[in-house]
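Asker: Below are the sequence and a predicted model; questions follow.
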Amino acid sequence: MHPAPSIIAFSTFSGLGLGLLFWLGIDPTAPTGWVAFAFFAIAYALAVGGLISSTFHLGRPERAIKAFTQWQTSWLSREAWCAVAALVTMGIYAFLLVFFDTQVAILGWIGAAFALATVYTTSMIYAQLKTVPRWNTVLTSALFLSLSIAGGALLSGRVTIGLILLLVAGGLQALWWKTGDTRFKQSGTDLKTATGLGKIGEVRAFEPPHTGTNYLLNEMVYTVGRRHAQKLRMIALVLMLVVPVLLLLLPYPHIFGLLAVISHVAGVLVSRWLFFAEAEHVVGLYYGLR
Amino acid sequence: MTQLPEKTDRKMGLVIDLDTCVGCHACVVSCKGWNTENYGAPLSDQNPYGADPSGTFLNRVHSYEVQPESGPAQLIHFPKSCLHCEDAPCVTVCPTGASYKRTEDGIVLVNEKDCIGCGLCAWACPYGARELDKAEGVMKKCTLCVDRIYNENLPEEDRVPACVRTCPSNARHFGDLGDPDSEVSQLVAERGGMDLMPEQGTKPVNKYLPPRPKDRLNEEIDILAPLLAPVVEEPKGFLGWLDKALEKL
């Protein structure tokens, strides 16, 4: 699949921002005043910035509001609702904390639930697609949620739980890659079922429908960069897991904590790029490609 | 609405005969010709006369080589467009309700005024039937020529999809696949019409007729082979001398 920068930025940054909102929402002793303002400003900058960047890949962004209508069937529509619900609830919660030093715990809990629900709906946009076997698994949701919560813990300065969650997210990432490599084969879709010609013999794509490229090939048969996938996986894992864990074990939590966050975000960006670049859509079969 | 109808009154669709398709791409051209100036936005081309041309098409013809266990390879031309699936995954993923499946005839359409061009429906389709038009920013797909098939301003013989009307080898058939007595349903039953990627669970309405078994010339020869064996294995006389002389050179 084509790794659109706007989608990679959206899912990484909004995931982090929503993860931070989750921790702020369930914190029994949430920060107040200017400290709260700083935390919520970072969370909103990440979450809203991510959501806005997601509209850049639309063909008709001026109609984006219509995406709220089909929540009954569409995960993309549900994501829109959950995101608005999370941002509005947490907005009121934050307003009371910042300006009135008052914590309404129930609002925080509801906001935190919507924040996680938003990340889950984002993951389901991908996990629901049977056409992309690598994504079509509950592990995709587990991975997105664990990365969001771990990143949020890092951003909110929770060292111990952050360490544990980083290890969980890293483990899920490794498992997702390992099982993902065989999922296309396991899906049972190949050129024989795609053409129905397997009963006659071995099928080979002889001639494509056109000499140039097309939307389908650009969007869904992105093969550039897959050959460096193994190296990039190691880079992603080192940046998002190994470096932050080592930094968190050092003293001076503020400086090294910040470096840990930067390294983690860079790692998640690489991992998210691979999430798209490595994913094979079954339509590639018709072109003799993967 | 992106909820699929539980049942459609009719299942209008195409039956494509892989045995008779000659791969002339006339259906591709007539499809583009009709649909670029009728239903919805035109089908744009990008850089059509330049070094890297591309464009939006609703129907494309692939060609596959199939190698049986014995005998020569076969070349099979393979037109592919929207299959108007009963369980259309492209419809349910649409966040705006622009994609829908009609209750009256099962045709899957895009209301282009509601389309935000997010491209999720194209991701959800296993067949590559949907293409986002670069110029218009909205999703384009086969409409089964919805503006022809019910159009009383056209002569009756033209009230079929443009691709069907134009096919010179009669490889494309149009009709109601929900009616077991229709000509297309009979054809599917007779020739063993098949679904593409049945494991994807999309329940396509369009069916493909597999190529008929090819004649095998070599099997006929086998029976008469002893009688047709060469009478003289080694050349004699002048030819024998020539053979030896050339061998020595």
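Answerer: Structure's in. What do you need?
Asker: Now do the SS call for the residue lying closest to B:Q3 once chain neighbours are set aside.
Answerer: Spatial nearest neighbour of B:Q3, excluding adjacent residues (Cβ to Cβ, 6 or more residues apart in numbering or on different chains): A:T73 at 5.6 Å. No exception for glycine: its C-beta is placed from N, CA and C like everyone else's. What DSSP: H, G, I helix; E, B strand; the rest coil gives for A:T73 is coil.
Asker: Report the separation between A:T73 and B:L4.
Answerer: 8 Å (Cβ to Cβ, to the nearest Å).
Asker: Give me the common contacts of the two.
Answerer: Residues touching both A:T73 and B:L4 (Cβ atoms under 8 Å, 6 or more residues apart in numbering or on different chains) are B:91-92.
Asker: which non-adjacent residue is nearest the residue in chain B positioned nearest to chain A?
Answerer: Chain B approaches chain A most closely through B:G117 (2.0 Å), counting by Cβ to the nearest Cβ. Once flanking residues are discounted, B:G117 sits nearest to A:G59: 2.0 Å by Cβ to Cβ, 6+ apart.
Asker: give me the number of residues near the one you found?
Answerer: Residues near A:G59, counting by other Cβ atoms under 10 Å in any protein chain shown, number 18.
Asker: same check, this time on A:L167
Answerer: 14.
Asker: so where does it fall, helix or strand?
Answerer: Per DSSP states H and E: A:L167 is located in helix A:159-186.
Asker: all helices of chain B, in order?
Answerer: B:26-35, B:89-92, B:120-124, B:146-149, B:162-166, B:183-191, B:217-228, B:237-248 (DSSP state H).
Asker: Just give me how far the second one sits from the chain centre.
Answerer: Average the C-alpha atoms of helix B:89-92, do the same for its chain, and the two points are 21 Å apart (Cα atoms, centre = their mean, to the nearest Å).
Asker: and stretch B:60-72, how far from the chain's centre?
Answerer: The mean C-alpha position of stretch B:60-72 is separated from the chain mean by 15 Å, Cα atoms, centre = their mean.
Asker: whoops, I mixed them up, stretch A:283-290
Answerer: The answer for stretch A:283-290 is 26 Å, by Cα atoms, centre = their mean.
Asker: now the end-to-end length of that stretch.
Answerer: Chord length of stretch A:283-290, first to last residue, is 8 Å (Cα to Cα, to the nearest Å).
Asker: B:I16 contacts B:K207, doesn't it?
Answerer: Yes: with contacts counted by Cβ atoms under 8 Å, B:I16 reaches B:K207, the gap being 7.5 Å.
Asker: just checking, the residue nearest to B:G117 is part of a strand?
Answerer: No: going by three-state DSSP, the assignment for A:G59 is coil, not a strand.
Asker: any idea how far the residue in the stretch 51-200 of chain A positioned nearest to chain B is from B:C121?
Answerer: Chain B sits closest to A:G59 of the stretch 51-200 of chain A, with a gap of 2.0 Å, by Cβ to the nearest Cβ. The gap separating A:G59 from B:C121 is 12 Å, by Cβ to Cβ.
Asker: Find residues that contact each of the two.
Answerer: By Cβ under 8 Å, 6+ apart, A:G59 and B:C121 have these common neighbours: B:M139.
Asker: so how many other residues sit close to the closest residue to B:T103 other than its chain neighbours?
Answerer: Once flanking residues are discounted, B:T103 sits nearest to B:P5: 4.4 Å by Cβ to Cβ, 6+ apart. B:P5 has 15 neighbours, counted by other Cβ under 10 Å.
Asker: wouldn't B:P5 be in contact with B:Y100 here?
Answerer: No: counting by Cβ under 8 Å, B:P5 does not reach B:Y100; the two are 9.0 Å apart.
Asker: pLDDT on stretch B:157-165, on average?
Answerer: The pLDDT scores in stretch B:157-165 average 96.
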